[in-house]
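Asker: The sequence and its predicted three-dimensional model are supplied below.
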Amino acid sequence: MAGETVTARTTTAVGCYPQYLATVPGIFKIVEVVLSILVIICAAVVVNSGVSHYFPGLTFVEFVGIFSLVFVTVIIIFYMTLLVNKVPIWLLLEFIAFVILLLFWLAAFITAAVEASKYANWRNSQYAARVATIVFASLALVVFIVDFFFVARAWRGRPIFTTISTHHSSTTTTTTTTVTSETKY
């Protein structure tokens with residue numbers, strides 16, 4: 001009597017993939033992080049300028065910059081550590097995340113523009129920092145729109161750029177066990 005057990009298991013290795021930052025999607029993520037930092041700095045200059053007025057609009061813009069910075073950094077970490085291969089619905093999650101980020105940046109840009117127009121003639125209103133906030137928020141909005149287009153194409157199964165999903169490594173383990181038993185009478 002002979003029995004045979006064959007076990008096949010395929011796993012995706014989690015490792016470090018710093019080459020992601022050299023791809024087009026990786027470059028977009030780096031630009032998004034840099035623009036988020038610039039928006040945070042410019043909005044913080046106005047919010048912490050010592051003027052006795054409370055600027056809720058620019059506080060919201062600052063929040064969007066911080067939220068975007070953290071979120072995009074997490075996305076970069078997921079791509080660089082190949083954790084995206086462990087999440088089967090990654091492209092859908094990234095698509096939803098970019099819809100949210102895009103709406104936040106649109107609201108932040110509009111808010112920054114309205115806030116700057118309200119205080120254009122005030123002394124000590126940090127008008128230059130307000131204008132810089134608008135400029136960097138608009139650039140961030142444009143970059144997020146373009147990146148959203150690429151994410152949407154990838155989610156629909158028609159990616160324009162090759163991303164991490166084609167560069168993952170996998171390990172296949174096959175175990176074969178043969179059991180032979182003899183029966184003596």
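Answerer: Received, thanks.
Asker: the strands in this structure, which residues?
Answerer: For the chain, the strands defined by DSSP state E occupy 2-12, 170-180.
Asker: Quick one: residues contacting the most centrally placed residue in the chain.
Answerer: In the chain, the centroid-proximal residue (CA atoms, centre = their mean) is Val72; its distance is 3.1 Å. With contact set as CB atoms under 8 Å, 6 or more residues apart in numbering, Val72 has these partners: 29, 32-33, 36, 101. All C-beta spots, glycine's among them, are computed from the backbone N, C-alpha and C.
Asker: Closest one of these to Asp147?
Answerer: Glu32 (6.8 Å; CB to CB).
Asker: list the contacts for Ala113?
Answerer: Ala113 touches Ile134, counting by CB under 8 Å, 6+ apart.
Asker: where does it land on pLDDT?
Answerer: Ala113 carries a pLDDT score of 90 in this model.
Asker: gap between it and Val34?
Answerer: 21 Å (CB to CB, to the nearest Å).
Asker: circling back: so what's the residue nearest to the centre of the chain scoring on pLDDT?
Answerer: 96.
Asker: With adjacent residues omitted, what lies nearest to it?
Answerer: Glu32 (4.9 Å; CB to CB, 6 or more residues apart in numbering).
Asker: Thought Val143 was touching that neighbour, still the case?
Answerer: Yes: counting by CB atoms under 8 Å, Glu32 does reach Val143; the two are 5.7 Å apart.
Asker: Can you pick out the residue with more neighbours from those two?
Answerer: Glu32 (24 against 18; other CB atoms under 10 Å).
Asker: which residues touch that one?
Answerer: Glu32 neighbours (CB under 8 Å, 6+ apart): 68, 72, 140, 143-144, 147.
Asker: What about the residues you listed, which are in helices?
Answerer: Judged by DSSP state H, the subset of the contacts of Glu32 located in helices is 68, 72, 140, 143-144, 147.
Asker: ok, the residues you listed vs Tyr79, which is closest?
Answerer: Nearest to Tyr79 among the ones in helices among the contacts of Glu32, with distances taken as CB to CB, is Val72, at 10.6 Å.
Asker: and the gap between the closest residue in space to Ala154 that isn't next to it in sequence and Ala152?
Answerer: Spatial nearest neighbour of Ala154, excluding adjacent residues (CB to CB, 6+ apart): Leu91 at 5.6 Å. According to CB to CB, Leu91 and Ala152 sit 9 Å apart.
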